[in-house]
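Participant: build me a model:
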Amino acid sequence: MTAPDDARLTDLWREHDSLLARQQPFGFLDISPELLAVKEEIALALASPCRLCARQCGVDRPARERGWCGVGWPGRIGEEHIHFGELEELIPTHSVFFSGCTMGCVYCRKQELINEPGAGMPFEPEAFAATVQARIRQGARSLKLLGGTPEPQLPAVFQLLRSLPERLPVALETTMYIPPEVVRLYEGAIDLLICNVRYGQETCAVRLSHAPGYVRLSRRALEQAAGRFRLSLRHLVLPGHIDCCTAGVARTLQELLPDAPLMLLTQYTPFGAAMRDPVLGRHLADADRDKALAVAGANKDLVELWPID
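Facilitator: Below you'll find the model as predicted:
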């Protein structure tokens, strides 16, 4: 598979923006196959050199070079199943967890997806479309793409969407550690963009997720997404990081998206290296939940605790 060159990419973006302006799709339920095909070709171009996440590592992914995320070509699916722990309108949802991630959160409950990006089944889009159809027959009402994080897999994600014979709402869950081009690609193709905004302080992002520039880059992505998507804003409450990160995230979201509710995820349980950390190595206590709600509520109008799993 050969990625388009820069001249072709410029033409593709021009075609993309023209189709998007003319068709104004609200998501996968009404996007045209023509626009999906253009998005797939752009995603392929952004994979060589790779610019699909905020790291911009520049490896040649179609040539099977591996960057920071470690995701190969094709990528892999760590697990997939029907899931009920989501917004009521989405459930039952077919959750697809991609292997590999562009962040390295020490507390991630899916450590195997980060540490073993080669684990799981190969992500062959046309073949996997049959699995999606089978899950629809089993009762799935939506498709949720997450991980890890889906960004390294975007060329194949758009190929999968083009291969599906039946349309259903698509939710995509991301850390927002993404460049502007990826936000543009999501526009018009995703019915719900789930934004897991992790940090309000750069030092925390580096120490806990090896993600330099996270606060600045995620803010830029959120600014770009405002008004262009249906968003679900979420923040995982971490022990010891309520004053720095929960408060900081709430302030940013109040400034950028004052009318969108913030869901505080309160199901934190230590995993991996976090189990040995004196602060992160404990479950979230009731007092932590109360403090998170008070701190976030002082900085954002619409806040709710949500023990989603």
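
Participant: contacts and neighbour counts: CA atoms only from here.
Facilitator: OK.

Participant: show residues contacting the helix or strand Q133 falls within.
Facilitator: Assigned by DSSP states H and E, Q133 belongs to helix 125-137. For helix 125-137, contacts defined as CA atoms under 8 Å, 6 or more residues apart in numbering pick out 81-82, 94, 143, 156-157, 159-160, 163-164, 166.

Participant: switch to 6 Å and redo it
Facilitator: 156, 160, 163-164 (CA atoms under 6 Å, 6 or more residues apart in numbering).

Participant: same question for that helix, mean pLDDT?
Facilitator: Average pLDDT, helix 125-137: 97.

Participant: with just CA atoms, put the lowest-mean-pLDDT helix or strand in the chain into PDB.
Facilitator: Every helix and strand of the chain was ranked by mean pLDDT, DSSP states H and E. The lowest is helix 111-115, at a mean of 79. Output of helix 111-115 as PDB, limited to C-alpha atoms (Å, rounded to 0.1, in the frame of the first residue of the first chain):
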ATOM      1  CA  GLN A 111      -1.600  -2.400  30.200                       C
ATOM      2  CA  GLU A 112      -1.400  -5.300  27.700                       C
ATOM      3  CA  LEU A 113      -2.600  -2.900  24.900                       C
ATOM      4  CA  ILE A 114       0.200  -0.500  25.700                       C
ATOM      5  CA  ASN A 115       3.000  -2.900  26.400                       C
END
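
Participant: could you pull out the buried residues of that helix?
Facilitator: Buried residues in helix 111-115, defined by neighbour count with 16 or more other CA atoms under 10 Å: 111-114.

Participant: in the helix holding Q133, which residues are buried?
Facilitator: By neighbour count with 16+ other CA under 10 Å, helix 125-137 contains the buried residues 125, 128-129, 132-133, 135-136.

Participant: next structured bit after it?
Facilitator: Trace forward from helix 125-137 with DSSP H and E and the next one is strand 142-146.
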